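Asks: Turn this into a structure:
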Amino acid sequence: MPKVTGRGIRISRTKIWVGLICLLLVFYLVVMLQRSFTLMFVSPEWQAKALGAAYFVIPFVAAWALVSEVLFGARTEKLANVLEAEGGLPEDRLPRTPGGRIIRSAADAEFEKYKLAAEAAPDDWRSWFRLSCAYDAAGDRRRARRAMRDAIALSRRPQPQL
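Replies: Below you'll find the model as predicted:
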């Protein structure tokens with residue numbers, strides 16, 4: 001959700017670029033569907049019809065991937081905003097190279113702290129969010145995304161009433 005300031009709504013440059021890329025991809029998918037229909041229904045050759053049918057599936061797979069990635073980003077941002085409001089975002093105090101990259105050994109040492117916290121509170125989405133940030137800092141993007149998906153799933157569970 002865009003941040004509201006005294007001057008109105010402020011949207012980050014990243015969101016503008018993501019929106020433009022999404023629009024470009026949607027345009028491409030529409031053109032792709034049109035071409036697949038042309039191959040399937042206008043072309044008289046059976047090979048073209050088969051190619052058109054195969055080509056017809058690709059836009060749906062791409063649309064699913066687009067929607068899932070945009071939802072992942074939006075849900076991640078929502079959780080980050082909640083953690084920021086609570087003062088629970090992990091601080092980035094890791095040393096960096098002159099090029100700006102995090103020094104891997106320092107990230108690995110910091111990672112252990114977040115791993116132990118996630119193991120101690122496996123049902124707390126906040127610990128999984130922080131673990132995801134630690135994985136990302138350590139350069140393990142695949143596990144970072146998996147931990148973030150776990151955090152999102154845990155945050156969406158109904159919370160028990162006390």
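
Asks: Domain parsing of this structure, as residue ranges.
Replies: What automatic domain parsing lists as the domains of the chain is 3-86, 104-156.

Asks: mind checking which of the ones you listed is nearest residue 92?
Replies: If you check each of the domains of the chain against residue 92 by C-beta to C-beta, domain 104-156 wins as the nearest, at 7.8 Å. To be clear about C-beta, it is placed using only N, CA and C from the backbone, and glycine gets the same treatment.

Asks: Can you get me the start-to-end distance on the closest one?
Replies: Using C-alpha to C-alpha, to the nearest Å, the end-to-end distance of domain 104-156 comes out at 32 Å.

Asks: ranking the domains of the chain by burial, who's on top?
Replies: domain 104-156 (a mean of 17; mean count of other C-beta atoms under 10 Å).

Asks: how far is it from where the chain is centred?
Replies: Computed by C-alpha atoms, centre = their mean, to the nearest Å, the chain-centroid distance of domain 104-156 equals 15 Å.

Asks: host element of residue 130?
Replies: Counting by DSSP states H and E, the element that carries residue 130 is helix 125-137.

Asks: how close does residue 148 sit to residue 140?
Replies: 12 Å (C-beta to C-beta, to the nearest Å).

Asks: And for this protein, the residue most distant from the center?
Replies: Residue farthest from the centre of the chain, counting by C-alpha atoms, centre = their mean, is residue 44 at 42.7 Å.
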